[in-house]
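Trainee: Prediction below, plus the sequence it came from.
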Amino acid sequence: MAEQEVIMPLPAARRRTRRPSLGFLHPRMWLPLVLMLVLLGFLWQWGAHKLPYLLPPLEDIGTTLKEDSEYYLDSAWATLKEALGGLGLGLVCAFVLAIVVSEFPLARRAIMPVAVILNVTPLVAIAPALVVAFGFGMLPKLIVTGLICFFPILINTSMGLRTVPQPVLQVYRTVNASRLETLWYIRIPSAMPYLFAALRIVFPLSIVGAVVAELSAAGSSKGLGTAISLASSMNRLAAVWASIAILAVLGSLLLLAVTLLERRVLHWHETRQGSGR
Amino acid sequence: MSVATATSIQVTGARRVYPSGAGGELVALNDVDLSVRAGSFVSVIGPSGCGKSTLLRLVAGLEDPERGEVRVCGVSPHEAAAAKMLGLVPQTPALLPWLSVLGNVKLPAKVNRGASRKRAGVPGPSMEELLRKAGLQDAMHKLPSQLSGGMQQRAAIVRAFALRPDVLLMDEPFSALDEFTRESLQEQLLDLWDELQATVLFVTHSVTEAVRLSDRIVVMAPRPGRITEVIDVDLPRPRGSALLKTPEFHHYEDLVRDALRGAFHGS
């Protein structure tokens, strides 16, 4: 019998399929949201008409924003600085501690309970105490924001660092990779999807931290939280809602930023790759 | 027969026990002796629970025996790992998903650099050439997730060969692949092995695979894990796909099957 060569075509590598980048221009993508916003706008205006002491009409909020635009931009910048500063502080501390607790079980047993206690203590309660301790400056705001960002990053990152599949670790143990090399080349990159899952929560949350800190130290510093407490004490409803609107925009922008960053860094990750084969 | 044939892997009286529920213990390996000649291809076959993977992990230095001794090229497995004399191909490809195929294959050279420098003098084909031989030239810059399972496992084999190890340890590397992919990978493995002259310890549960690849087949039995028979496979190389249909090949398959049956019922 003649020898039959089995010639196998190599499976063509799946090309990464990307949605056409202009897909969001299709009405199916934006129309539902626009309709929803229009509906909410109508409801708001109707409510403002019925309950003038509770809700300001949208045009008043718009006018306030336009007239005092410099004040609001200033306040927004102050709040953003506190939020990002605190976030950075929380991120660095949480990341370093995540490495420590995932590498040393003893440190884990010592650190994790303390972290949990810190996490379950209401931040709103801690904030005034920190203001008493550290004054009305930047420091208590950074600490409050850092604290609020700290825990999700610590939990997720330490989990990510420990979820490297055994076979991968075994391959690198048989070439005697050092602990530091394993950490740098394998564990830290493996933890990136987990870190970004935490960042998606924590980026918008940093605004919450900054505002809570400002509200606890009102009348003393800049920031949108301060602006809100000042305006509400003077019963200027439109000004309160103007600040709230800016906070909503800031939070959304931070979420957008982290999403874009994630797309760049985690281009290799399953959830980032086109699902269509 | 030359008297001075070097021994690459030497296991003497190895015993390995795992604790099992309720204070009991499971004897994964009991008094196992194994000697593998340098440059030969040895398969370990047996039913699940016979300790074949444990044996491989002992040789890889991933576990230590309670009793007995393991030597790889005359040194302990840990020293062998430190000198980068070992290569491991696990059951799953175990590639890093954020690195391209080339990046994955090159990473073992980046870690433990001291040993890399000492081995730099060992002649052999370049990384690119190895990948080309494995049919991965077009996949070099792709991510593992963009490749089929067979190509991922090929990349894992190239990664293990890339350091030109003295001993290559393979733990059922083809068990998750379909029959066709499996056969073509066996062929490529034999090609690479032929060129790079490593000693291979290959754990499998496929009789055909063991007969096709090996110079010698070690049959193991469970409870307690032990070696029951050693069969020398005296078939000509290279072993193309035509050989699989010859009566000689079937003869060896039958020998191994009988040995396995004996191992199962004799216990």
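Mentor: Received it, and whenever you're ready, just let me know what you need.
Trainee: quick one: pLDDT of residue 218?
Mentor: Went with chain A since none was named. Residue A:218 is assigned a predicted lDDT (pLDDT) of 62.
Trainee: wrong one, chain B
Mentor: pLDDT at residue B:218 comes out at 94.
Trainee: show me what contacts residue 44?
Mentor: As the question left the chain open, I've gone with chain A. If you count contacts by C-beta atoms under 8 Å, 6 or more residues apart in numbering or on different chains, residue A:44 has them with A:55, A:58. The way it works is simple: take the backbone N, C-alpha and C, and place the C-beta from them, glycine included.
Trainee: if you could check chain B rather than the one you did, that'd help
Mentor: In this structure, residue B:44 makes contact with B:52, B:55-56, B:201-204, B:217-218, B:220, judged by C-beta under 8 Å, 6+ apart.
Trainee: now residue A:101
Mentor: Residue A:101 neighbours (C-beta under 8 Å, 6+ apart): A:107-108, A:111-112, A:154, A:158.
Trainee: Looking at the contacts of residue B:44, which is nearest residue A:67?
Mentor: The nearest member of the contacts of residue B:44 to residue A:67, counting by C-beta to C-beta, is residue B:56 at 76.3 Å.
Trainee: Please enumerate the helices of chain B.
Mentor: Taking DSSP state H as the test, the helices found in chain B are B:52-60, B:77-82, B:101-110, B:113-119, B:127-133, B:149-162, B:179-196, B:207-213, B:247-265.
Trainee: Export these to a markdown table and append columns for mean neighbour count.
Mentor: Below are the helices of chain B laid out as a markdown table (neighbours: other C-beta atoms under 10 Å in any protein chain shown):
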| stretch | mean neighbour count |
| --- | --- |
| helix B:52-60 | 25 |
| helix B:77-82 | 20 |
| helix B:101-110 | 20 |
| helix B:113-119 | 13 |
| helix B:127-133 | 17 |
| helix B:149-162 | 24 |
| helix B:179-196 | 17 |
| helix B:207-213 | 23 |
| helix B:247-265 | 15 |
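Trainee: least reliable of those going by mean pLDDT?
Mentor: Note on those: helix B:113-119 shows the lowest mean pLDDT, a mean of 74.
Trainee: Mind giving me the packing neighbours of that helix?
Mentor: For helix B:113-119, there is no helix or strand it packs on, judged by 3 or more C-beta pairs under 8 Å, 6 or more residues apart in numbering or on different chains; DSSP states H and E.
Trainee: Residue B:130 versus the residue of the stretch 101-250 of chain B found nearest chain A, what's the distance?
Mentor: Ranked by C-beta to the nearest C-beta, the top residue of the stretch 101-250 of chain B for proximity to chain A is residue B:111, at 3.8 Å. Note on residue B:111: its distance to residue B:130, by C-beta to C-beta, to the nearest Å, is 18 Å.
Trainee: Check the contacts of residue A:101 and tell me the two furthest apart.
Mentor: A:107 and A:154 (12.3 Å).
Trainee: Tell me which of these two has more neighbours.
Mentor: residue A:154 (25 against 14; other C-beta atoms under 10 Å in any protein chain shown).
Trainee: Need the phi and psi values for that one.
Mentor: phi -60, psi -50 (degrees, to the nearest 10).
Trainee: same thing with residue B:49?
Mentor: phi 90, psi 10.
Trainee: show me the contacts for the residue lying closest to residue A:190 once chain neighbours are set aside.
Mentor: Among residues not flanking residue A:190 along the chain, residue A:164 sits closest, at 5.0 Å (C-beta to C-beta, 6 or more residues apart in numbering or on different chains). Residues in contact with residue A:164 (C-beta under 8 Å, 6+ apart) are A:186-187, A:190.
Trainee: just residue B:203 next, same as before
Mentor: Counting by C-beta under 8 Å, 6+ apart, residue B:203 touches B:43-45, B:52-53, B:55-56, B:170-172.
Trainee: For the stretch 51-200 of chain A, just list every one of the helices.
Mentor: Along the stretch 51-200 of chain A, the stretches classed as helices by DSSP state H, counting those that start in this stretch are A:58-67, A:69-103, A:105-120, A:123-134, A:138-162, A:166-173, A:179-182, A:188-216.
Trainee: List just the one of those that sits closest to residue A:27.
Mentor: When the helices of the stretch 51-200 of chain A are compared for distance to residue A:27 using C-beta to C-beta, the nearest one is helix A:58-67, at 24.7 Å.
Trainee: pull the CA atoms of the closest one into CSV?
Mentor: C-alpha atoms of helix A:58-67 as CSV (Å, rounded to 0.1, in the frame of the first residue of the first chain):
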residue,chain,number,x,y,z
LEU,A,58,-32.6,73.0,34.0
GLU,A,59,-32.2,76.4,32.5
ASP,A,60,-31.3,77.9,35.9
ILE,A,61,-28.6,75.3,36.4
GLY,A,62,-27.3,76.1,33.0
THR,A,63,-27.2,79.8,33.7
THR,A,64,-25.5,79.3,37.0
LEU,A,65,-22.8,77.2,35.3
LYS,A,66,-22.3,79.8,32.6
GLU,A,67,-22.2,82.8,34.9
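Trainee: Next, the angle from it to helix A:69-103.
Mentor: On the basis of axes from the mean of the first three to the mean of the last three C-alpha atoms, to 10 degrees, helix A:58-67 is oriented at 90 degrees to helix A:69-103.
Trainee: Quick check: which of the helices of the stretch 51-200 of chain A is nearest to residue B:8?
Mentor: Across the helices of the stretch 51-200 of chain A, closest to residue B:8 is helix A:166-173 (C-beta to C-beta), at 19.9 Å.
Trainee: elements contacting that closest one?
Mentor: Right, helix A:166-173 is packed against helix A:179-182, helix B:52-60, helix B:101-110, helix B:149-162 by 3+ C-beta pairs under 8 Å, 6+ apart.
Trainee: Which residues belonging to it are considered buried?
Mentor: For helix A:166-173, burial by neighbour count (16 or more other C-beta atoms under 10 Å in any protein chain shown) applies to A:167-173.
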